[in-house]
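[1] what's the 3D shape of this:
(chains A and B)
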Amino acid sequence: MITFIYGSSSSGKSAYGEERIQGLNHENKYYLATMEAYDKESIKRIERHRLLRKDKGFETIECPRNIREIIPEIKEDSCLLLECLSNLLANEMFVDDKPGDYLLCANKIVEDILSLASRVEDLVIVSNNIFEDGLRYEKPTQDYMRALGLINSRICQDADEVYEVVVGIPVRIK
Amino acid sequence: MILIVGGSYQGKTKFARDNFGQANYLNQFHLFVKKRMEEGMTEEEILGQIFEMCSEGKWVIIADEIGSGVVPANAWDRQLREWTGRILIEIAREAEEVYRVVCGIGRRIK
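    Predicted coordinates:
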């Protein structure tokens, strides 16, 4: 089963994702962290999230890109929280600061996620709403937004449940 | 405490006036947070001030959702976005009712 959790920055979507995973009864609970530590702010952010999921019984796998590669590590009877698609896409798309083709990146990530979904009993995915500031950006950013929009829509087609988290409140949209 | 959130120009204020009438209103709440952050207050101090202010009487807090865009390039803007989001989560937790307004239509989400 795929549960997709969508929301704005600091909307409480990660906390809700963790709550969902915690409510499941699988033997193995994985937390797939995609954020790369590259400066003080990201280190702080990672620390904050580590603290949030402390004592929640997760096994953390850090994998900033090519998430399909973790499949051999996954044991039977597992659930996995994938946090989060916006970081994963940035890491895939801006390798060496050179933007990759957005359509190729989007398709590859969708394939990776669906492979992962077929390996675990429950997959909970957290993704971001970055689409509503009404601003136009340079091409690489527009491409990034387009790719994330595609990935979100494609995964939500297959998802069993989709929620948008608003000020900490999950609103079911599928 | 009643919390109303939504994008800009969605009719949040009208929705509030139409539905909640006489009350204390704290409108443009995201700017309230911004001003205090500019003044050097911490996230906890801002939250403390809000809860103290709203401890008596009926309060309706109206806020723009400002986190639904591309991550700002500027660190201060990123922090403002995060603080506003997290403070709103705390307010929503305490609020008896939470509404989200889209195109003038308010939907109760708590």
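
[2] going by C-alpha atoms from here, please, whenever you check contacts or count neighbours.
    Fine.

[3] what does chain B have sitting close to chain A?
    Residues of chain B lying close to chain A by Cα under 8 Å from any Cα of the partner chain are B:66-71, B:81-83, B:85-86, B:88-89, B:92-93, B:109-110.

[4] test my guess that residue A:93 contacts residue A:99.
    Yes. Under the criterion of Cα atoms under 8 Å, residue A:93 makes contact with residue A:99 at 5.4 Å.

[5] of these two, who's got more company?
    Under the neighbour definition other Cα atoms under 10 Å in any protein chain shown, residue A:93 and residue A:99 were set side by side, and residue A:93 has more, 23 against 18.

[6] and the residue lying closest to that one once chain neighbours are set aside, what does it touch?
    Leaving aside its sequence neighbours, residue A:93 sits nearest to residue A:100 (Cα to Cα, 6 or more residues apart in numbering or on different chains; 4.9 Å). Taking Cα atoms under 8 Å, 6 or more residues apart in numbering or on different chains, we find residue A:100 in contact with A:92-94.

[7] quickly note the distance from residue A:100 to chain B.
    Residue A:100 is 18 Å from chain B, where distance means Cα to the nearest Cα, to the nearest Å.

[8] that residue and residue A:66, how far apart?
    Look at residue A:100 and residue A:66: by Cα to Cα, to the nearest Å, they are 14 Å apart.

[9] next: residue B:25.
    Residue B:25 is 49 Å from residue A:66, by Cα to Cα.

[10] between the two, tell me which one has more neighbours.
    Legend: neighbour count by other Cα under 10 Å for residue B:25 and residue A:66, higher for residue B:25 (19 against 15).

[11] quick one: name the residues of chain A near chain B.
    Contact residues, chain A versus chain B (Cα under 8 Å from any Cα): A:7-12, A:128-134, A:167-169, A:171.

[12] redo that, cut-off 7 Å
    Within chain A, the positions adjacent to chain B are A:8-11, A:129-133, A:167-168, A:171 by Cα under 7 Å from any Cα of the partner chain.

[13] and of those residues, the nearest to residue B:62?
    Nearest to residue B:62 among the residues of chain A next to chain B: residue A:167, at 12.3 Å, using Cα to Cα.

[14] spatially nearest residue to residue A:144 (excluding sequence neighbours)?
    residue A:102 (6.5 Å).

[15] neighbours around the one you found, how many?
    21.

[16] quick one on the thing from earlier: buried by neighbour count, from the residues of chain A next to chain B: which ones?
    Among the residues of chain A next to chain B, those buried by neighbour count (16 or more other Cα atoms under 10 Å in any protein chain shown) are A:8-11, A:129-131, A:167-168, A:171.

[17] mind giving me CSV with the residues you listed and columns for distance to residue A:118?
    Formatted as CSV, those follow (distance: Cα to Cα, whole Å):
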residue, distance to residue A:118
A:8, 28
A:9, 29
A:10, 30
A:11, 29
A:129, 25
A:130, 28
A:131, 29
A:167, 32
A:168, 29
A:171, 26
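
[18] next, give me the two most distant ones among these.
    Pairwise over those, using Cα to Cα, the maximum falls at A:131 and A:168, 19.0 Å.

[19] residue B:98 reaches residue B:2, doesn't it?
    Yes. If you go by Cα atoms under 7 Å, residue B:98 and residue B:2 touch, sitting 5.9 Å apart.

[20] what strand or helix carries the residue of chain B most remote from its centre?
    Distance to the chain centre peaks in chain B at residue B:73, reaching 23.1 Å (criterion: Cα atoms, centre = their mean). Secondary structure assigned from DSSP states H and E places residue B:73 in neither a helix nor a strand.
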